[in-house]
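*Asks:* predicted model, plus sequence, below.
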Amino acid sequence: MAAGKLKSFTLSELIVVMIITAIVVGMAFSVLRIVQKQIHAIQTNFEKSSTLALFEQKLWQDFNEQHTVIYENDKQILTMISEIDTITYSFQEKFSMRNLDTIKLKITPNEVFFGGKKISSGPIDALSLFAETELPGYQIFVSKKNDLTFFMNQEDGL
């Protein structure tokens, strides 16, 4: 038997295939990195919007359960007082606090109202907050209805 020629690839063909494979794998990893960044951004926005929604829900609940709501503009502190409990919201530069709970979002008081009139400090019955730095266009507005007991407890009466 005579030894025949074996069919095989040449060295240049193998190098071309390896180069094409390296390019395809490099593109695949680049796309994977882009997808991972997008997933991370979506996850971060979801966490922020969930935290803001929970904050807004708790603020509404606190705002309407407490009898007296006082805002101090110079300290950016919101205090809600009832016979049973006192709840304090503090708005800092990079975070906010509800009593001792830290909310890791920047929430800024915008306007405070009492009896439909804009005021700067003192007893309030409505509050507007911004969370623009966290989610563009996100605003919170909470209000309460003052009952007769509230006005009776005020120093100047009705």
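*Replies:* Yep, that arrived. Keep in mind the model is a prediction, meaning the values are calculated, not measured.
*Asks:* can you name every helix or strand that the longest helix seen in the chain contacts?
*Replies:* For the chain, the helix that runs over the most residues, judged by DSSP state H, is helix 11-65. Contact analysis of helix 11-65 by 3 or more CB pairs under 8 Å, 6 or more residues apart in numbering; DSSP states H and E lists strand 77-81, strand 86-91, strand 96-98, strand 139-143 as its packing neighbours. C-beta coordinates here come from the backbone N, C-alpha and C atoms, glycine included.
*Asks:* for those strands, which one sits closest to Met27?
*Replies:* Nearest to Met27, of all the helices and strands packed on helix 11-65, is strand 139-143, at 42.5 Å by CB to CB.
*Asks:* just the angle between the closest one and strand 77-81, please?
*Replies:* Computed by axes from the mean of the first three to the mean of the last three CA atoms, to 10 degrees, the angle separating strand 139-143 from strand 77-81 equals 30 degrees.
*Asks:* excluding its backbone neighbours, what's nearest the residue most central in space within the chain?
*Replies:* Nearest residue to the geometric centre of the chain (CA atoms, centre = their mean): Lys48, 3.1 Å. Excluding the flanking residues, the one nearest Lys48 by CB to CB, 6 or more residues apart in numbering is Glu134, at 5.0 Å.
*Asks:* OK, contacts around the one you found?
*Replies:* Contact analysis of Glu134 by CB atoms under 8 Å, 6 or more residues apart in numbering lists 48, 52, 105-107.
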